[in-house]
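**Q** sequence first, predicted coordinates after that:
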Amino acid sequence: MNLNPDFIADHNAAGQTQHQRKLSPWTDSVEQAEAVIQKLVDFQIAIPSWALGTGGTRFGRFPGGGEPRSLEEKIADVGLLHALNRASGAISLHIPWDIPTDPQATKQLAASYGLAFDAVNSNTFQDQPGEPGDSQLSYKFGSLQHVDPAVRRQAIDHNIEVIRHGVSLGSKALTVWLSDGSCFPGQLNFRKAFERTLSSLQDIYAALPDDWKVFVEYKAFEPNFYSMTVGDWGSSYLYANKLGPKAYTLVDLGHHLPNANIEQIVAILLNEGKLGGFHFNDSKYGDDDLTAGSIKPYQLFLIFNELIDGMDARQMNHAQDLGWMIDASHNVKDPLEDLLQSVEAIQLAYAQALLVDRAALDEARDANDVVRAQEILQDAFRTDVRPLVAEARLRAGGALNPLALFRQLTVRQQLIGERGAKTVATGL
Ligand code: AOS
Ligand code: ZN
Ligand code: ZN
Ligand code: ZN
């Protein structure tokens, strides 16, 4: 479905008085307000193609209906999100779930919604019976780490193929997430698995265009439960460092052992110039892939606090120099509603972190004033920045309240009408 711009204008007109009442204390008396709004306008978060349908769990899946059945419909869904919030201006594709058969047409379609193509993702964690014309070796015992060079070759070739698809769409990065590892002690020689994986990654790296990056995503566990060959930021950093300047570490917030200090990991990687980007989500126990900011909003804020500190120190462009992506999965919510919530939560954390009084924080730290330092962060975190985020949306042509408008326009019912109640999105 296409969103009639009049709907957004009407919605905004109806909410304008109330919005102004909340915004004016900011614009009247907070010096940074304008700068924060502008940064929010510029800040875009990519939507993963695989999060547009109901993911389910290994115990079951309860599809909500109206899910995108093709790449075109996935682009249309992200286009809809972007029309509502003007902050989801990119889509991240997963190959072979999203093979563009006519890249020119796909590019044009995306451009018609104002969307760019973010990092493309390879898939060597599933066997792909549908993939045409290859020998179909199994990834059961790994891909880039496999003991059989023929399996490694297949996985390398697949990644090179993914780069090719990405190039055809104007993408500038490849994300490699490997499920490689082992389930039991004794199964794998860690040292050799590392060496084989590195050598495979080197072959992929050699195929990267000059203006591309490769993101090496790490994960502590699952689907392998004894060891993961790219299991933590240390190993990811080693791979990225050995590969070269186009290789970076990707942080998925759900991929750590419990209670890991993710903000410190982020600070260190960024300081080394090796942080590539994020998969935003939230979790209570593991790789739960829940809505960003839904469980640990303070952690999300602290991560953004380190990001801003580190990016400013390195004079990086907040909007452009890192890959900002969501990686989520939905079991009980409408995926599109969930993604609107995630984008907003990320924007709120970013805005709050922009408000941190960094000079005062430095002073407090230099004076070992622990209480004051803590208060400075908590002050920013406890500030209601929703009017700033809404104003940024308004200025960018989005809706004051995207979720309310989504419901008011009965978007899901219309998608079910168009696509049917029993659709299955390709992907997970
Ligand atoms: C897997 O746990 C990783 O988070 C991947 O980034 C991602 O979820 C996957 O590529 C999509 O299936
Ligand atoms: Zn991820
Ligand atoms: Zn994950
Ligand atoms: Zn995850």
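**A** Now that the structure is in, tell me what you want to look at. Ligands and ions are numbered 1, 2, ... in the order given.

**Q** so the residue of the chain found nearest ligand 1 versus Glu337, what's the distance?
**A** Closest to ligand 1 within the chain is Trp177: 4.0 Å, counting by Cβ to the nearest ligand atom. For glycine as for every other residue, the C-beta is placed from the backbone atoms N, C-alpha and C. Trp177 is 26 Å from Glu337, where distance means Cβ to Cβ, to the nearest Å.

**Q** kindly report the same for Lys274.
**A** Remark: distance between Lys274 and Glu337 (Cβ to Cβ) = 35 Å.

**Q** ok, back up a step: number of residues surrounding the residue of the chain closest to ligand 1?
**A** A total of 22 residues lie near Trp177 under the criterion other Cβ atoms under 10 Å.

**Q** phi, psi of it?
**A** phi -110, psi 120 (degrees, to the nearest 10).

**Q** who's the nearest residue to it once chain neighbours are set aside bridged to?
**A** What sits nearest to Trp177 in space, not counting adjacent residues and going by Cβ to Cβ, 6 or more residues apart in numbering, is Glu217, at 4.1 Å. Following DSSP bridges, Glu217 is listed with bridge partners Trp177, Leu250.

**Q** shaky segments in the chain?
**A** For the chain, the stretches with pLDDT under 70 are 130-135, 425-428.

**Q** near ligand 1, which residues of it are found?
**A** 50, 94, 121, 177, 217, 219, 252, 279, 287, 327, 428 (Cβ under 6 Å from any ligand atom).

**Q** ok, so of those, who is nearest Asn159?
**A** Of all the residues of the chain next to ligand 1, Asn159 sits closest to Asn121, with 10.0 Å by Cβ to Cβ.

**Q** so who does Ala396 touch?
**A** Applying Cβ atoms under 8 Å, 6 or more residues apart in numbering to Ala396 gives the contacts 41, 86-87.

**Q** which ones among these lie within helices?
**A** The members of these that map onto helices under DSSP state H are Val41.

**Q** my guess is Thr106 contacts Ala76. True?
**A** No. Using Cβ atoms under 8 Å, Thr106 and Ala76 do not qualify as a contacting pair, with a distance of 11.7 Å.

**Q** how about the secondary structure of the most centrally placed residue in the chain?
**A** Computing the C-alpha centroid of the chain and ranking residues by Cα atoms, centre = their mean puts Met325 first, at 1.8 Å. Following DSSP: H, G, I helix; E, B strand; the rest coil, Met325 is assigned to strand.

**Q** where's it relative to Arg21, distance?
**A** Applying Cβ to Cβ to Met325 and Arg21 gives a distance of 35 Å.

**Q** Glu391 now?
**A** Distance, Glu391 to Arg21, using Cβ to Cβ: 12 Å.

**Q** between these two, which is the more surrounded one?
**A** Legend: neighbour count by other Cβ under 10 Å for Glu391 and Arg21, higher for Glu391 (23 against 10).

**Q** host element of that one?
**A** Assigning secondary structure by DSSP states H and E places Glu391 in helix 386-396.

**Q** before we move on, what about Gln18?
**A** helix 5-29.

**Q** who in the protein is up against ligand 4?
**A** With Cβ under 5 Å from the ion as the criterion, the chain comes near ligand 4 at residues 252, 254, 281, 287, 289, 327.

**Q** alright, that wraps it up for me.
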